[in-house]
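**Student:** model this:
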Amino acid sequence: MAGVSVATASRTVNRTRPVAAHLRAKVLAAARQLGYSPNPHARALAQAHDTTVGVIVHDVSDPYFSEIVRGILQATSDDGQMVLIGNTYRDRERELAYMAAFRARRTSALILAGSGMEDREFGAKMTRQILDFEAGGGRAALIGRHYAPGDAVLADNLGGARSLAVHLAELGHRVIGVISGPAGLTTTNDRLVGFRAGLAEMGLSLPDEHVAVGGDFTRDAGFSGAMELLKRVRRMTAIFAMNDVIAVGTLTALRERGLRVPEDVSVCGFNDIPLASDLWPPLTTVQVPMFEMGKRALALARMPRAAEIRVEHLPTRLVVRSSTGPATR
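**Tutor:** I've put the predicted structure just below:
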């Protein structure tokens, strides 16, 4: 109907290669008249894989992951790719099952957005799944540090946590508590190592009893962790919540105990989620480029496999707001 070759029609509909503007207009006009839309199942059979992007996250309701997913969705908005999201709730077997499922449906790109586990045995299982996925024609990319091979996007968790520690020390804080994320996550470990390194630079240390291990990166973990620290750490003047959602629960716990922020206890978080500047007081935190991480991971997953693993390091930035102030005791 358009009076062009099958190849020109295919290139126009699939946007695989540039087509002259006048030919493209003919094809699109014919498509509208015929009510044509691409059939993803037929396309999958013809291409040996479909154009779906699979994304595996720990919890899409966590603002950290929702911002990453938003970056991926924005990057796919212009080319018609569908994004399928698998929510693992930090269940390792479910994560492996999602990887196998995306491989079975011949998904073209897979992005693992959850932080890795400090577990080399689990890393070996992930490695097997990634290799099988790419052997089937797909491409995988990782966000965060994992014990598995693959092109990756890494935020500077170490440097960001170090900058928070230096900031608190410069304000005169000497007795500091930490509410960490789940034990065994690379993100938890990296942020704790970076924070301790920053304190060491300022001549300070972080005793193990000053660290409350959170069950997850949630508001409830922040509330219970803050209550635990208030019971066992005397004369504490500052709390580092390992992400902003934990910090929300921390602020609530301090209010319930009648403590003022930052006059009695300073509080800082990590990630700089959109809510952070709207809390009261506005939260001092480390800005992680979550949206950009999603976009960059998808770009890596669209590139042909290189001879060497590509790793993109994205910087973090300390954002000082009103939740931190000088130590008063």
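
**Student:** so V55 touches V69, yeah?
**Tutor:** Yes. Taking C-beta atoms under 8 Å as the contact criterion, V55 and V69 are neighbours in contact, 6.1 Å apart. Every C-beta, even on glycine, is put in place using the N, C-alpha and C of the backbone.

**Student:** can you pull the alpha-carbon coordinates of stretch 158-165 into CSV?
**Tutor:** Included here for stretch 158-165 are C-alpha records, laid out as CSV according to Å, rounded to 0.1, in the frame of the first residue of the first chain:
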residue,chain,number,x,y,z
LEU,A,158,32.2,4.5,49.7
GLY,A,159,33.0,8.1,48.9
GLY,A,160,29.5,9.3,49.8
ALA,A,161,29.5,7.6,53.2
ARG,A,162,33.0,9.0,53.9
SER,A,163,31.9,12.5,53.1
LEU,A,164,29.0,12.1,55.6
ALA,A,165,31.4,11.0,58.4
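
**Student:** for the record, mean pLDDT for that stretch?
**Tutor:** Taken as a whole, stretch 158-165 carries a mean pLDDT of 98.

**Student:** would you list every one of the helices in the stretch 201-329 of the chain?
**Tutor:** If you assign secondary structure with DSSP state H, counting those that start in this stretch, the helices in the stretch 201-329 of the chain sit at 219-232, 244-256, 290-301.

**Student:** what comes up buried for the last one?
**Tutor:** Neighbour-count burial for helix 290-301, counted by 16 or more other C-beta atoms under 10 Å, picks out M290, F291, E292, M293, G294, K295, R296, A297, L298, L300, A301.

**Student:** Equivalent analysis for stretch 11-18, please.
**Tutor:** So, applying 16+ other C-beta under 10 Å, buried residues of stretch 11-18: R11, T12, V13.

**Student:** Dump the residues you listed to CSV, plus secondary structure, pLDDT and distance to G35.
**Tutor:** Below are those laid out as CSV (DSSP: H, G, I helix; E, B strand; the rest coil; pLDDT from 0 to 100; distance: C-beta to C-beta, whole Å):
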residue, secondary structure, pLDDT, distance to G35
R11, helix, 82, 21
T12, helix, 83, 16
V13, helix, 81, 13
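
**Student:** Looking at V55 and V69, which one has more neighbours?
**Tutor:** Set side by side, V55 and V69 give different neighbour counts by other C-beta atoms under 10 Å, the larger being at V55 (29 against 20).

**Student:** which residues does the more buried one bridge with?
**Tutor:** With DSSP bridges applied, V55 shows beta-bridge pairing to I85, I111.

**Student:** For it, give its distance to A238.
**Tutor:** Plainly put, V55 is 36 Å away from A238 if you go by C-beta to C-beta, to the nearest Å.

**Student:** For the stretch 151-300 of the chain, which residues score under the pLDDT cut-off?
**Tutor:** Within the stretch 151-300 of the chain, the set of residues satisfying pLDDT under 70 is empty.

**Student:** Give me the nearest residue to A226, chain neighbours excluded.
**Tutor:** Of all residues beyond its chain neighbours, the one nearest A226 is A253 (3.7 Å), with distances taken as C-beta to C-beta, 6 or more residues apart in numbering.

**Student:** Confirm for me that that neighbour is in contact with L230.
**Tutor:** Yes. Between A253 and L230 there is a contact under C-beta under 8 Å: 7.4 Å.

**Student:** where's the nearest residue to R232 once chain neighbours are set aside relative to M227, distance?
**Tutor:** Counting by C-beta to C-beta, 6+ apart, the nearest residue to R232 once its immediate chain neighbours are dropped is E209, at 6.3 Å. Distance of E209 to M227, computed by C-beta to C-beta: 15 Å.

**Student:** Between these two, point out the one with more neighbours.
**Tutor:** Counted by other C-beta under 10 Å, E209 and M227 do not tie: M227 has more neighbours, with 16 against 10.
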